[in-house]
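Trainee: Here's my sequence, what's the structure:
(one chain, ligands or ions: 1)
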Amino acid sequence: MATIIINFKAYREGSGERAVALAKAVREVAEKADFYMAVAPSFLDISDILRNVEIDVFAQHTDAVGYGSNTGRIPPEMLKEKGIRGSLINHSERRLRLADIEFLVSRFRELGLTSVVCTNNVATTQAAAAFSPDYVAIEPPELIGSGIPVSKAEPEVVENSVKAAKKMDSEIRVLCGAGIATYEDVVAAMDLGADGVLLASGVVKAKDQKKALEELVGLR
Ligand SMILES: O=C(CO)COP(=O)(O)O
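Mentor: Numbering: from 1, shown residues only. Take a look at the predicted model:
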């Protein structure tokens with residue numbers, strides 16, 4: 001089953017009570033859709049969502065540290081304790097060093113957390129794939145939030161990222177993101193070999209989020 005992860009970022013429309021409502025909408029649409037759907041809300045909203053909605057929750061970022069004297073940081077172990085499914089790692093709005101990405105992917109594997117390493121081009125996709133995360137998510141930064149879908153604007157980047165990642169490790173699932181908003185964009189991504197999409201503004205900033213979700217999965 002293809003994957004759709006909705007990243008709430010720090011958008012006002014996806015925070016506080018609105019985050020719980022949006023997660024509920026994702027859950028309702030997922031029940032009718034042919035996709036595995038998960039959410040990546042702000043850390044501040046994770047507990048509320050886990051308490052109120054039956055859905056897989058991803059963190060938007062995790063720090064490459066363990067338990068201990070790490071003020072203001074969040075180690076993978078804390079995600080695990082909380083019941084969080086996994087995390088985006090190295091999102092273009094929260095970049096990490098290569099050594100930190102490697103540390104996190106390996107720690108996630110030990111803890112049974114799902115790693116989604118974000119990349120910005122084919123070369124970084126290949127580098128990330130060398131660590132064998134569960135997912136790589138290719139998102140050209142210039143298209144993020146643009147409304148121009150990567151699957152249409154830069155199909156070769158998606159296609160070559162899929163090839164580069166699967167050549168490194170055939171088990172890796174490849175997502176693409178940036179500007180994805182419609183079912184047509186999702187289908188275009190899958191036609192290029194992607195196993196799903198990672199998106200934010202197309203749903204979070206939509207006037208009617210539920211309708212946008214239904215359109216995204218082809219229910220409208
Ligand atoms: O960064 C993204 C998801 O992580 C993509 O953002 P948009 O869907 O808003 O382009």
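Trainee: burial count for the residue in the chain positioned nearest to the ligand?
Mentor: Residue of the chain nearest the ligand, by Cβ to the nearest ligand atom: Ser201 (3.1 Å). (Each C-beta comes from the backbone N, C-alpha and C, glycine too.) The local packing of Ser201 (other Cβ atoms under 10 Å) involves 21 other residues.
Trainee: Next up, the contacts around the closest residue to it other than its chain neighbours.
Mentor: On the basis of Cβ to Cβ, 6 or more residues apart in numbering, the spatially nearest residue to Ser201 that is not a chain neighbour turns out to be Gly145, at 5.1 Å. Taking Cβ atoms under 8 Å, 6 or more residues apart in numbering as the criterion, Gly145 is in contact with Ala178, Gly179, Ala200, Ser201.
Trainee: Isn't the second one up against Gly147?
Mentor: Yes: counting by Cβ atoms under 8 Å, a contact exists between Gly179 and Gly147, whose distance comes to 5.6 Å.
Trainee: what residues are shared contacts of those two?
Mentor: Both Gly179 and Gly147 are in contact with Gly202, where contact means Cβ under 8 Å, 6+ apart.
Trainee: neighbour-wise, which of the two wins?
Mentor: Residue environment comparison for Gly179 versus Gly147 gives the larger neighbour count to Gly179, 25 against 12, counting by other Cβ under 10 Å.
Trainee: Three-state assignment for that one, please.
Mentor: coil (DSSP: H, G, I helix; E, B strand; the rest coil).
Trainee: Pull the contacting residues for it.
Mentor: Contact partners of Gly179, counting by Cβ under 8 Å, 6+ apart, are Leu143, Ile144, Gly145, Ser146, Gly147, Ile148, Pro149, Val150, Ala153, Asp185, Gly202.
Trainee: how does it look with 10 Å?
Mentor: By Cβ atoms under 10 Å, 6 or more residues apart in numbering, the residues touching Gly179 are 139-140, 142-154, 185, 199-202.
Trainee: Glu28 now?
Mentor: Glu28 makes contact with Val53, Ile55, Lys210, Leu213, Glu214, according to Cβ under 10 Å, 6+ apart.
Trainee: tell me which residues of the helix or strand hosting it are tucked away?
Mentor: Counting by DSSP states H and E, the element that carries Glu28 is helix 17-32. For helix 17-32, a neighbour-count test (16 or more other Cβ atoms under 10 Å) marks Arg18, Ala19, Val20, Ala21, Leu22, Ala23, Lys24, Ala25, Val26, Arg27, Val29, Ala30 as buried.
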